[in-house]
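A.B. asks: One predicted model, sequence on top.
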Amino acid sequence: MGSEGPAPAVTIHVTGFKKFHGVAENPTETIVNNLQDFMKKRGFPKGLILGSCSILETAGQGALAPLYQTLQSAVIREGTMSNSGRVIWIHFGVNSGATRFALEHQAVNEATFRCPDEMGWKPQKIPIVPSDGAISRIRESSLPVEDITKALAKMGYEVMTSDDAGRFVCNYVYYHSLRFAEQNGIKSLFVHVPLFLTIDKETQMQFAASLMEVLASLC
């Protein structure tokens, strides 16, 4: 019998959002744009690869094409690797009223936007994916969200698990991502972060890096 060899690497792709109504500077755009350099300075843990770092329009239906191009590009990229390992998407979004980080356990098949998105769309009580059925349909992350939250809390971060990602663009993107992940054998997680006024930039960068390290070790 031969040895099994090293475990395949975990490749993590991340997205953030641009500005939107009420949030002129989105912290997730800063986090994602700086993450690659931050991780290089910090040092990548063994078995972790940071793939793409993308910024999405804060829009639903009008931004679906670029969202799926972003998701699909990771699958294509991994498919061309001879030793393709595990693939995880982390989507960062801001909750301007939050005082701590929130790992979202699930998304709901409902779009009810409290204000128009950046492309002027304001749906009310419509299914995100009509073929999935009613607006009560829920999709859950296949990641061990509770265990990830506990590990981050032990590191000293103010973090919680959430079962409500809202009904705005964050939930909209997460629902599509969870559906795509299930269809393609990968994993997805949405993380809400506070404003930098609440938790400073350096701490948020450290949190993002720690989250990836936890994912690499647990998953």
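C.D. replies: Arrived safely.

A.B. asks: residues in contact with the lowest-mean-pLDDT helix or strand in the chain?
C.D. replies: Of all the helices and strands that make up the chain, the one with the lowest confidence by mean pLDDT, DSSP states H and E is helix 64-79; it has a mean of 83. Where contact means Cβ atoms under 8 Å, 6 or more residues apart in numbering, the residues beyond helix 64-79 that reach it are 11, 13, 15, 51-52, 54, 56-57, 84-85, 87, 89, 173, 176-177, 180, 184, 186. Where you see a C-beta, it was placed from the backbone N, CA and C, and this is true even at glycine.

A.B. asks: Give the buried residues for it.
C.D. replies: Of the residues in helix 64-79, those with enough neighbours to count as buried (16 or more other Cβ atoms under 10 Å) are 67, 70-71, 74-75, 78.

A.B. asks: Kindly indicate which of these lies nearest L152.
C.D. replies: The shortest approach to L152 among these belongs to A74, at 23.7 Å (Cβ to Cβ).

A.B. asks: can you count the residues close to L195?
C.D. replies: The criterion is other Cβ atoms under 10 Å. On that basis, L195 has 18 neighbouring residues.

A.B. asks: Write the PyMOL selection for whichever of the contacts of helix 64-79 are buried.
C.D. replies: This is the PyMOL syntax for the buried subset of those, where burial follows 16+ other Cβ under 10 Å:
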select buried, resi 11+13+15+51+52+54+56+57+87+89+173+176+177+180+184+186
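
A.B. asks: What about the contacts of helix 64-79, which are in strands?
C.D. replies: Members of these lying in strands (criterion: DSSP state E): 11, 13, 15, 51-52, 54, 56, 87, 89.

A.B. asks: Next one, pLDDT for the residue nearest the centre of the chain please.
C.D. replies: Geometric centre of the chain, nearest residue: H91, 1.7 Å, by Cα atoms, centre = their mean. As predicted, H91 sits at a pLDDT of 97.
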